[in-house]
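what would the 3D arrangement of this be:
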Amino acid sequence: MQSQIIGIRFTAIGKIYHFDAMNVPEIQLGEHVIVDTARGDHLGEVVEKPEESPKQNTGGWKKVLRRATPRDLLLAQTWKEKETEALVDCREIASKMKLPNAKIIKAEYNYNGSRLTYLYSHEGDKKVNLNKLRNAMQKKHGQTQVEMRQIGPRDVAKIIGGLGACGQEKRCCTMYLTDFSPISIKMAKAQGISLAPSEITGMCGRLRCCLIYEYEAYAKARKTLPKRKKRVVTPKGEGRVIDLNPLTETVVVQLDDEVRGARHSFHRDEIEPWDEREALRRKAAEPCGENCNCGNHENQKENAEAQSG
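Residues are numbered from 1 along each chain as shown. Take a look at the predicted model:
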């Protein structure tokens, strides 16, 4: 039987994972299923049925075990309501143990309560050992398998939520970001954004995810514009580029024959690189060769004879 790859999401704004639904015929978007994962059986929602199969993992596709039943959905809701109590208990025990720089962020049960995962963050370079805490929680929860899993600062911000650094009511990561893309300082520079930490740092303490939103458009537009300090020829004369506006495809030029501070904006179609114009001028001024038939050779020869006479 041919594989049928579907996309499953375990949380409302979570990453999509792909599974083989060969065992569950005619699966539809929006249905809930029980799937086999590296951390046991979990309940997820079908959110994607790709026309082309995505790249397969090294270990092959995990299987969709079956459709979720009403009882599964009720169980999942029941265990979810117990997560807050489990989180409070863990934080109290962690506080008594005085674990350095470790923060328990969230407690997550799987749908049937057979596994309990504590998500924690850790500040500092030194690795923290939470085995003692895990053992204490394992003893408290009996048959439920307890796991401690470290998450990064962006994941912490996504879970906690709150206002965005831009003033938006909710952070981008809590509304629609399912994956965190690599962000670099180069993206801020390309967009002319101030490099002050308050301007480029998100609430998670890392570079803002939104720096990537318009980066590609800026990078593409900049390829058609001259660089800063480049000399150009404009309809109003020669000058030097002092600023760029990639999205409007314009440059700001300081003209040579004007007082310092005077600025003019030109569209990229209105300017020419000074070095190219200068190269053409010099070439035009060079003596023609013996075999040239452009007419300039004779003129140059006559001018030379007149000057010598």
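
just the strands in the stretch 51-200 of the chain please.
Along the stretch 51-200 of the chain, the stretches classed as strands by DSSP state E, counting those that start in this stretch are 64-67, 102-109, 115-122, 145-150.

please name every helix or strand in contact with the third one.
Counting by 3 or more C-beta pairs under 8 Å, 6 or more residues apart in numbering; DSSP states H and E, the packing neighbours recorded for strand 115-122 are helix 83-97, strand 102-109, helix 131-141, strand 145-150, helix 153-160. For every residue, glycine as well, the C-beta is placed using N, CA and C.

okay, the angle between that strand and helix 83-97?
Interaxial angle, strand 115-122 versus helix 83-97 (axes from the mean of the first three to the mean of the last three C-alpha atoms, to 10 degrees): 50 degrees.

residues of strand 115-122 that come out buried?
Buried positions in strand 115-122, judged by neighbour count with 16 or more other C-beta atoms under 10 Å: Arg115, Leu116, Thr117, Tyr118, Leu119, Tyr120, Ser121, His122.

bridging residues for the closest residue to Val33 other than its chain neighbours?
Distances taken as C-beta to C-beta, 6 or more residues apart in numbering place Val64 nearest to Val33, at 5.0 Å, with adjacent residues excluded. Note on Val64: beta-bridge partners by DSSP bridges are Val35.

distance of Pro235 relative to Thr250?
13 Å (C-beta to C-beta, to the nearest Å).

more neighbours, these two?
The neighbour comparison of Pro235 against Thr250 (other C-beta atoms under 10 Å) goes to Thr250, with 18 against 8.

re the thing from before, just the buried residues of strand 115-122: which has the poorest pLDDT?
When the buried residues of strand 115-122 are sorted by pLDDT, the bottom entry is His122 at 88.

count of residues packed around Gln56?
Number of residues near Gln56 (other C-beta under 10 Å) recorded here: 12.

residues near Lys55, how many?
5.

burial of Ala262, as a residue count?
Ala262 - counted by other C-beta under 10 Å - has 11 other residues nearby.

overlap in contacts, Pro235 and Thr250.
Shared contacts of Pro235 and Thr250 (C-beta atoms under 8 Å, 6 or more residues apart in numbering): Phe266.

mind listing the helices for the stretch 201-309 of the chain?
In the stretch 201-309 of the chain, the helices defined using DSSP state H, counting those that start in this stretch lie at 215-222, 274-285, 296-308.

where does the prediction get shaky in the stretch 1-150 of the chain?
Along the stretch 1-150 of the chain, segments meeting pLDDT under 70 span 1-2.

possible to save the helices and strands packed on strand 115-122 as CSV with mean neighbour count?
Below are the helices and strands packed on strand 115-122 laid out as CSV (neighbours: other C-beta atoms under 10 Å):
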stretch, mean neighbour count
helix 83-97, 15
strand 102-109, 19
helix 131-141, 15
strand 145-150, 16
helix 153-160, 18
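
let me know which of those is the nearest to Glu258.
Set against Glu258 and scored by C-beta to C-beta, the helices and strands packed on strand 115-122 come closest in helix 153-160, at 48.2 Å.

got a list of contacts for that closest one?
Residues outside helix 153-160 that contact it (C-beta under 8 Å, 6+ apart): 13, 103, 105-106, 119, 121, 151, 171, 173-174, 177, 180, 202-206, 209.
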